[in-house]
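J.: Provided below are the primary sequence and the corresponding predicted coordinates.
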Amino acid sequence: MQSQEIFTFIICLAALFAYINYRFIKWPSTIGIMALSLMCSVLLVIAGSLFPSEAAPLIKIITSIDFHSLLMKGMLGFLLFAGSIHIDAKNLRKVRLPVITLATVGILISTFLIGTFLYYIFYAFHIDMAYIYCLLFAALISPTDPIAVLAILKQSGLSKSLELKIAGESLFNDGVAVVIFLTIMEVAQAGIGNLSVRDISVLFIMQTGGGLLYGLLLGYLSFYALRAIDKYEVEVMVTIATVMGGYLLADYLHVSGPLAMVVAGIVIGNNSKKTIMSIITRDYIYKFWELIDEILNAVLFLLVGFEMLVIKVDKTIIIISLITIIIVLFARWVSVAVPVSLLRFKMKFEKHAIAILTWGGLRGGLSVALALSLPPEMHRDQFVCITYVVVVFSIIVQGLSIGKLYRRLNPTPDP
């Protein structure tokens, strides 16, 4: 089986899952496709263990895939742009303080807590794991991906303010977490003794600040290009070029491509509503990027299923993975409770906001992509397995119960 045949197989499976979900399961589309993809990946692992000779050609192809380039330089920009293009910037400004705080302070708290707890968990199981690698894993598992759960929350009568906090935090903490992840990876590769605190701080600031400024410039350049035309086929191609070309250039400029995609998506999405696009064009663009988001998430989870065929998993790592679910939830609660409690002195938060933000903080496609992009020497196999278990729990358990939790905490809809 060649790589192009695997890609065709994955796309066909994604279409099949969308059909099955729509006809029979009737879950929100994103969660349905993700859940079926996860189940398929589990079946792939079982089939590979039962029929190793038949799985050998597939394993050979999987080991030849450069996941770092495919995910970090290909799919990630599309995922972040697809999520950000739907965000309402006018309403986002009203909740900018909690969004920025949760996406920065919250993600740093979560990274430190998860990394520290995991280090001692590995130590308790007599596994030699450097603290820097535990922080690296913490950075990739900390960003939330609540886009999948927003459909459920909307059906539950969630207030627009809380919905924006969840969506806005998700997009920006995705970008910030990727910067933290890449910074820690660079420190790990260079060696802690070879980089000073000043070097690390400059690297982080350049990536973050440069990514935000570059994203604004890229977004407005695309906006002016789109304003000059009114033909949806061309405008869709312009947005694709913005993501692909813009992300590639960000890499050469040494600024954060993920943050740039978030900002560019918000700029293009909001300016298109005001002046430049007809209703038909806007509809085509939004639906196109919704489709891209669903397809890429399905592909990610099928890829991790393929990857699990070549990973040697032992019982100890499975036990650590289950413990990590509790650690991640605890870290999420602390990283939400601390900022929200402090911000309550300046602004009003919805009733039970901490509980909803904690349980609604799903882990999804971004965490999977970052885990798969790790080099083997950074304990990639172990971290992919742990990420897989955490994400399965997050999507299946949290994603399908958040609506019930919200209705139980809020018997009457928010105004």
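T.: Looks like it arrived, so ask away.

J.: where does pLDDT dip in the stretch 1-150 of the chain?
T.: 1-3, 30, 146-150 (pLDDT under 70).

J.: please redo it, this time with the cut-off set to 90
T.: Across the stretch 1-150 of the chain, the ranges flagged by pLDDT under 90 are 1-18, 21-22, 25-77, 79-80, 82-104, 143-150.

J.: helices of that one, start to end?
T.: Secondary structure of the stretch 1-150 of the chain (DSSP state H, counting those that start in this stretch): helices located at 3-20, 29-50, 52-64, 67, 76-84, 89-94, 96-101, 107-124, 131-141, 147-155.

J.: and the ones you listed as JSON lines, adding distance to residue 243 and mean neighbour count?
T.: Just so you know, the C-beta spots here come from the backbone N, C-alpha and C atoms, and that holds for glycine as well. Putting these into JSON lines (distance: least, Cβ to Cβ, whole Å; neighbours: other Cβ atoms under 10 Å) gives the following:
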{"stretch": "helix 3-20", "distance to residue 243": "19", "mean neighbour count": "14"}
{"stretch": "helix 29-50", "distance to residue 243": "19", "mean neighbour count": "19"}
{"stretch": "helix 52-64", "distance to residue 243": "26", "mean neighbour count": "13"}
{"stretch": "helix 67", "distance to residue 243": "19", "mean neighbour count": "19"}
{"stretch": "helix 76-84", "distance to residue 243": "5", "mean neighbour count": "26"}
{"stretch": "helix 89-94", "distance to residue 243": "19", "mean neighbour count": "14"}
{"stretch": "helix 96-101", "distance to residue 243": "22", "mean neighbour count": "18"}
{"stretch": "helix 107-124", "distance to residue 243": "23", "mean neighbour count": "20"}
{"stretch": "helix 131-141", "distance to residue 243": "21", "mean neighbour count": "24"}
{"stretch": "helix 147-155", "distance to residue 243": "17", "mean neighbour count": "21"}
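
J.: and those helices: which comes nearest residue 346?
T.: Closest to residue 346 of these, according to Cβ to Cβ: helix 96-101, at 7.1 Å.

J.: thinking again about what came up before, residue 171 is nearest to which of the helices of the stretch 1-150 of the chain?
T.: Among these, the nearest to residue 171 by Cβ to Cβ is helix 76-84 (5.1 Å).

J.: other SSEs contacting that closest one?
T.: If you count contacts as 3 or more Cβ pairs under 8 Å, 6 or more residues apart in numbering; DSSP states H and E, helix 76-84 packs onto helix 160-190, helix 232-253, helix 257-271, helix 279-308, helix 365-372.

J.: mind listing what's buried along the helix or strand following the longest one?
T.: I take that to be helix 160-190. Using DSSP states H and E, the next helix or strand after helix 160-190 towards the C-terminus is helix 197-227. By 16 or more other Cβ atoms under 10 Å, the buried positions in helix 197-227 come out as 200, 203-204, 207-208, 210-212, 214-215, 218-219, 222-223, 225-226.

J.: and helix 197-227, what does it pack against?
T.: When contacts are defined as 3+ Cβ pairs under 8 Å, 6+ apart, helix 197-227 packs onto helix 160-190, helix 232-253, helix 257-271.

J.: so of the ones you listed, which one's packed in deepest?
T.: Of all those, helix 257-271 carries the top mean neighbour count, a mean of 27, counting by mean count of other Cβ atoms under 10 Å.

J.: between the helices and strands packed on helix 76-84, which gets nearest to residue 393?
T.: So among the helices and strands packed on helix 76-84, helix 365-372 is nearest, using Cβ to Cβ, at 12.0 Å.

J.: name the helices or strands packed onto the helix or strand that the closest one is followed by?
T.: The C-terminal neighbour of helix 365-372 among helices and strands, as given by DSSP H and E, is helix 380-393. Packing contacts for helix 380-393, counted by 3+ Cβ pairs under 8 Å, 6+ apart, involve helix 29-50, helix 131-141, helix 279-308, helix 315-343, helix 365-372.

J.: of those helices, which is nearest residue 68?
T.: Nearest to residue 68 among the helices and strands packed on helix 380-393 is helix 365-372; the distance by Cβ to Cβ comes to 8.0 Å.

J.: tell me the angle of that closest one relative to helix 279-308?
T.: Between helix 365-372 and helix 279-308, the angle comes out at 40 degrees (axes from the mean of the first three to the mean of the last three Cα atoms, to 10 degrees).

J.: which strands and helices lie in contact with helix 365-372?
T.: For helix 365-372, the packing partners by 3+ Cβ pairs under 8 Å, 6+ apart come out as helix 76-84, helix 131-141, helix 160-190, helix 279-308, helix 380-393.

J.: repeat that with 6 Å
T.: helix 131-141, helix 279-308, helix 380-393 (3 or more Cβ pairs under 6 Å, 6 or more residues apart in numbering; DSSP states H and E).

J.: just those: most buried one?
T.: helix 131-141 (a mean of 24).

J.: now do it against helix 380-393, angle only.
T.: Using the same axes, to 10 degrees: helix 131-141 against helix 380-393 is 30 degrees.

J.: so what does helix 131-141 touch, helix or strand wise?
T.: Here helix 131-141 touches helix 107-124, helix 160-190, helix 365-372, going by 3+ Cβ pairs under 6 Å, 6+ apart.

J.: the same query, at a cut-off of 7 Å, please.
T.: helix 107-124, helix 160-190, helix 365-372, helix 380-393 (3 or more Cβ pairs under 7 Å, 6 or more residues apart in numbering; DSSP states H and E).
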